[in-house]
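Enquirer: got a sequence here, can you build the structure:
(one chain, ligands or ions: 2)
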Amino acid sequence: MQEIIKQIKELKEKKNALILAHNYQAIEIQEVADYRGDSLQLAMLSRDLKSPMIAFCGVKFMAETAAILNPKSRVLLPVLDAGCPMADMISAEQLREFKAQYPGSPVVCYVNSTVEVKAESDICCTSSNAVKVLQSLPADKEILFVPDRNLGSWAAAQSGRKVIPWNGYCPTHQWGFGVQDITNMRTKYPEYTLLAHPECDPAIVSLADEVMSTGGMMKYVAEHDRVIIATENGMTDYLKHIYPHKKILSLSPKAVCQNMKKTGIRDLLRALQEETHHIVVEEDIAAKARLSIDRMLALS
Ligand code: 13P
Ligand code: SF4
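Expert: Ligands and ions are numbered 1, 2, ... in the order given. All right, here's what the predicted structure looks like:
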């Protein structure tokens with residue numbers, strides 16, 4: 001492991017590359033990364049970085065967003081089939097049909113979506129700015145929200161906007177936790193604060209003390225102790241690693257995203273050696289998707 005990390009650092013230096021890692025990545029990936037963060041933080045960083053090469057440790061939609069925002073950098077996704085099942089729950093064709101049913105309704109699309117879906121949408125959002133994005137839209141309109149029904153309905157309630165959500169969801173957050181997990185943990189750890197990601201089922205979100213993005217969780221735990229976390233478990237693993245003296249628990253061991261776990265340290269080394277997999281988004285579609293992403297970034 002030490003030898004691989006040494007080679008990664010040397011290659012990074014030699015090729016003037018930067019490594020970005022999402023908060024769900026394995027500890028060793030996060031440790032070797034130059035920057036870690038949630039979807040919004042990583043999108044903003046990738047837009048602003050001047051490095052000619054960015055190795056993106058996360059899932060495909062994140063690397064695509066980076067490639068759209070920073071066409072001058074060579075964006076690498078170490079494992080090409082690290083996708084997001086929720087992003088694949090709506091196609092551009094399905095979104096066009098959805099829009100046809102509600103003419104005049106603006107479309108908000110979660111960044112966990114394909115480039116084609118972003119290109120068909122008015123504005124993107126992430127879990128950290130979904131409420132703000134909805135509030136930027138007219139209060140008298142019904143707003144279409146794709147693909148995440150859970151984030152859509154939570155953000156609708158928070159923003160006071162009327163949202164028609166697409167019926168998509170993140171399998172990890174949807175099926176990773178049950179109400180019984182909360183009952184058990186609350187009984188055992190009554191003084192702990194329960195933080196939930198808004199991708200969780202509304203039954204979980206309604207029982208949480210705080211609802212926030214992974215970036216929000218990072219900030220919260222920096223300032224507090226005794227927390228129970230309901231999100232993908234890479235987040236909890238890394239928090240425990242950097243705060244070994246804090247009491248940090250995962251709501252359930254089941255909440256593991258297989259796609260976020262596909263990138264291993266050897267994959268990252270190979271990506272830097274071979275400069276693969278180069279994520280290229282065709283400029284026609286990138287230009288349309290960039291409009292939706294830029295509208296979101298202008299609010300962030
Ligand atoms: P955030 O890191 O933006 O909270 O998103 C979580 C997620 O599921 C990314 O795939
Ligand atoms: Fe997609 Fe869920 Fe995995 Fe995030 S945790 S990449 S939303 S499947």
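Enquirer: look up how far residue 127 lies from the spatially most central residue of the chain.
Expert: The residue lying closest to the centre of the chain (C-alpha atoms, centre = their mean) is residue 39, at 4.1 Å. According to C-beta to C-beta, to the nearest Å, residue 39 stands 7 Å off from residue 127. For glycine as for every other residue, the C-beta is placed from the backbone atoms N, C-alpha and C.
Enquirer: any idea how far residue 285 is from ligand 2?
Expert: Remark: distance between residue 285 and ligand 2 (C-beta to the nearest ligand atom, to the nearest Å) = 21 Å.
Enquirer: would you agree that residue is in contact with residue 116?
Expert: Yes: the pair formed by residue 285 and residue 116 meets the contact definition of C-beta atoms under 8 Å, at 6.4 Å.
Enquirer: picking up where we left off before, which neighbours do residue 39 and residue 127 have in common?
Expert: residue 213 (C-beta atoms under 8 Å, 6 or more residues apart in numbering).
Enquirer: got the contact list for the nearest residue to the residue nearest to the centre of the chain once chain neighbours are set aside?
Expert: Once flanking residues are discounted, residue 39 sits nearest to residue 126: 4.4 Å by C-beta to C-beta, 6 or more residues apart in numbering. Counting by C-beta under 8 Å, 6+ apart, residue 126 touches 38, 39, 40, 43, 110, 111, 213, 296.
Enquirer: out of those, which is most surrounded?
Expert: residue 110 (32 neighbours; other C-beta atoms under 10 Å).
Enquirer: the strands in the stretch 1-150 of the chain, which residues?
Expert: 17-22, 35-37, 53-57, 74-76, 107-110, 123-125, 142-146 (DSSP state E, counting those that start in this stretch).
Enquirer: and of the ones you listed, who's closest to residue 262?
Expert: strand 53-57 (9.9 Å; C-beta to C-beta).
Enquirer: which residues of the stretch 101-250 of the chain score low on pLDDT?
Expert: For the stretch 101-250 of the chain, no stretch has pLDDT under 70.
Enquirer: could you report the neighbour count for the residue of it at minimum distance from ligand 2?
Expert: Nearest residue of the stretch 101-250 of the chain to ligand 2: residue 170, at 3.2 Å (C-beta to the nearest ligand atom). Residue 170: 26 surrounding residues under other C-beta under 10 Å.
Enquirer: what residues does it make contact with?
Expert: If you count contacts by C-beta under 8 Å, 6+ apart, then residue 170 has 84, 85, 86, 112, 148, 150, 199, 257 around it.
Enquirer: look up how far ligand 1 lies from the third one.
Expert: Using C-beta to the nearest ligand atom, one obtains 8 Å as the distance from residue 86 to ligand 1.
Enquirer: give me the phi and psi for the closest residue to that residue other than its chain neighbours.
Expert: Nearest residue to residue 86 in three dimensions, chain neighbours excluded: residue 170, at 4.6 Å (C-beta to C-beta, 6+ apart). Dihedral angles of residue 170 (phi, psi; degrees, to the nearest 10) stand at phi -90, psi 120.
Enquirer: follow-up on the earlier one: Throw the contacts of residue 126 into a markdown table and include distance to ligand 2, thanks.
Expert: Below are the contacts of residue 126 laid out as a markdown table (distance: C-beta to the nearest ligand atom, whole Å):
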| residue | distance to ligand 2 |
| --- | --- |
| 38 | 11 |
| 39 | 9 |
| 40 | 13 |
| 43 | 14 |
| 110 | 9 |
| 111 | 10 |
| 213 | 11 |
| 296 | 17 |
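Enquirer: so can I have JSON lines of those residues showing distance to residue 3?
Expert: Putting the contacts of residue 126 into JSON lines (distance: C-beta to C-beta, whole Å) gives the following:
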{"residue": "38", "distance to residue 3": "31"}
{"residue": "39", "distance to residue 3": "32"}
{"residue": "40", "distance to residue 3": "35"}
{"residue": "43", "distance to residue 3": "33"}
{"residue": "110", "distance to residue 3": "39"}
{"residue": "111", "distance to residue 3": "36"}
{"residue": "213", "distance to residue 3": "35"}
{"residue": "296", "distance to residue 3": "41"}
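Enquirer: helices - which of those land there?
Expert: 39, 40, 43, 296 (DSSP state H).
Enquirer: what's the closest non-adjacent residue to the last one?
Expert: Read that as residue 296. Of all residues not flanking residue 296 in the chain, residue 124 sits nearest, at 4.3 Å (C-beta to C-beta, 6+ apart).
Enquirer: and that neighbour, how far from residue 70?
Expert: From residue 124 to residue 70 the distance is 16 Å (C-beta to C-beta).
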